[in-house]
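J.: following is a predicted model, sequence given first.
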Amino acid sequence: TPGAGRIRGGGVPATTIYNNSLWDCQCDQVLNGDYAGNGVVFNNSGTFRKSAASGTTTLNGSVVFNTTGVVDVESGALLLGGGGTGGTFNAATNTTINFNNGYTFVSGATFTGSGGYYLSGGGFTVNGTLSFPNLTQSGGTLNGGNIVINGVFNWSAGTWNGVNAVTVTTNSQLNILSAADHDMASCTISNLGTVTWTGGRIRGGAYPGSFVQNFGLWDCQCDQVFNNDLGANGWVINNRGTFRKSAGTGSTTVPGSYGPVTFLNLGAMDIQTGSLLLNGGALLTSGVITGAGIV
């Protein structure tokens, strides 16, 4: 109810909550595990809703939240600080859901509504398709065998070092943002939509290496580097779509690899400003090259 205080749990064996119907949060308060021990386990098979108050309702780091039901945020923000498992979330306009200590998203996880979703800390495990209107990774590590992005994914910080393969579907968008390093060791990204790269190095390598399979538009809007800091086999970029540099007056750099030619082109290379520096060589077997800035 509005104005209510904190809910404090914990102890041994733990405080366990089973919600089979409606749990309605109407205040900006905290569910915590102040009594230590094994903390709190919240099992939601009904609807967990925040329907009032413009601030944040917090399940702190000692609260594990598992949901087979629906999480519905209609006002303010919900912070899930203790991890858990689940897959059906709705964030209404001008609201947010923040996963702040890792989470395991079940296969077919859905994110609806026009609000914002944030992955901000811990390990996030996904196997299958993530469908969402707008999701931002601002920290933590993404893990999974094969992840399919269906929507707009903003990658401002955190790593993809635990991911085997990422596919950006047709009409979907990956935005690589901020000055932070974006690490994707031993990961293959297949782009069928749009990737917009506006800041930060993209660091790859390890075994068997890091790969870009571009069938859509890869738009470089910064003077940054595909970087081999993560060692072993470095990068291979296969372009069958459009690889574009549309902003930045300096160079976007593709480094030398530890094996084959780094950049393979069967599509369009479109250098509208600055230059593309291919330190690892290129195999330009076909396709179209526009602009004079390829070095």
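T.: Nice, I can see it.

J.: what about the closest residue in space to residue 6 that isn't next to it in sequence, how many neighbours?
T.: For residue 6, ignoring the flanking residues on the chain, the nearest one in space by Cβ to Cβ, 6 or more residues apart in numbering is residue 30 at 4.8 Å. In this view, the C-beta of every residue, glycine as well, is placed from N, C-alpha and C. Applying other Cβ atoms under 10 Å, we find 18 other residues in the vicinity of residue 30.

J.: which parts of the strand or helix carrying residue 167 are buried?
T.: Assigned by DSSP states H and E, residue 167 belongs to strand 152-168. Neighbour-count burial for strand 152-168 flags 152-163, 165-168 (criterion: 16 or more other Cβ atoms under 10 Å).

J.: circling back to that earlier point, for the residue nearest to residue 6, list the residues it contacts.
T.: Residue 30 is in contact with 6, 7, 57, 58, 59, 60, counting by Cβ atoms under 8 Å, 6 or more residues apart in numbering.

J.: make CSV out of these and add pLDDT, secondary structure and distance to residue 273.
T.: Written out in CSV, the entries for the contacts of residue 30 read as follows (pLDDT from 0 to 100; DSSP: H, G, I helix; E, B strand; the rest coil; distance: Cβ to Cβ, whole Å):
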residue, pLDDT, secondary structure, distance to residue 273
6, 95, coil, 54
7, 96, strand, 55
57, 97, strand, 46
58, 97, strand, 45
59, 98, strand, 47
60, 96, coil, 47
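
J.: ok, of those residues, which come out buried?
T.: Of the contacts of residue 30, these count as buried by 16+ other Cβ under 10 Å: 57, 58, 59, 60.

J.: if I look at the closest residue to the first one other than its chain neighbours, how far off is residue 112?
T.: Counting by Cβ to Cβ, 6+ apart, residue 25 is the residue found nearest to residue 57 once chain neighbours are left out, at 4.6 Å. Taking Cβ to Cβ, to the nearest Å as the measure, residue 25 falls 19 Å from residue 112.

J.: then residue 15?
T.: 30 Å.

J.: quick one: contacts for the nearest residue to residue 180 once chain neighbours are set aside?
T.: Closest residue in space to residue 180, ignoring its immediate chain neighbours: residue 157 at 4.4 Å, by Cβ to Cβ, 6+ apart. Applying Cβ under 8 Å, 6+ apart, we find residue 157 in contact with 137, 138, 139, 178, 180.

J.: go with 7 Å
T.: The neighbours of residue 157, taking Cβ atoms under 7 Å, 6 or more residues apart in numbering as the test, are 138, 139, 178, 180.

J.: let's see the pLDDT reported for it.
T.: Note on residue 157: pLDDT of 97.

J.: show me what it bridges to in the sheet.
T.: residue 138 (DSSP bridges).

J.: that one and residue 220, how far apart?
T.: 19 Å.

J.: over to residue 199?
T.: Counting by Cβ to Cβ, the gap from residue 199 to residue 220 is 11 Å.

J.: so if I had to pick from those two, which one is more boxed in?
T.: When residue 199 and residue 220 are compared for neighbours, residue 220 comes out ahead with 26 against 16, by other Cβ under 10 Å.

J.: I figured that one hits residue 197, correct?
T.: Yes - counting by Cβ atoms under 7 Å, residue 220 does reach residue 197; the two are 5.1 Å apart.

J.: give the full set of residues in contact with the residue nearest the centre of the chain.
T.: The centre of the chain sits closest to residue 137, judged by Cα atoms, centre = their mean, with a distance of 4.2 Å. Residue 137 sits next to 119, 155, 156, 158 when contact means Cβ under 7 Å, 6+ apart.

J.: wait, the third one sits on residue 138?
T.: Yes - checked against Cβ under 7 Å, the pair residue 156 and residue 138 is within contact range at 5.1 Å.

J.: hmm, back to that, residue 67: which of the buried ones among the contacts of residue 30 is nearest?
T.: residue 59 (11.2 Å; Cβ to Cβ).
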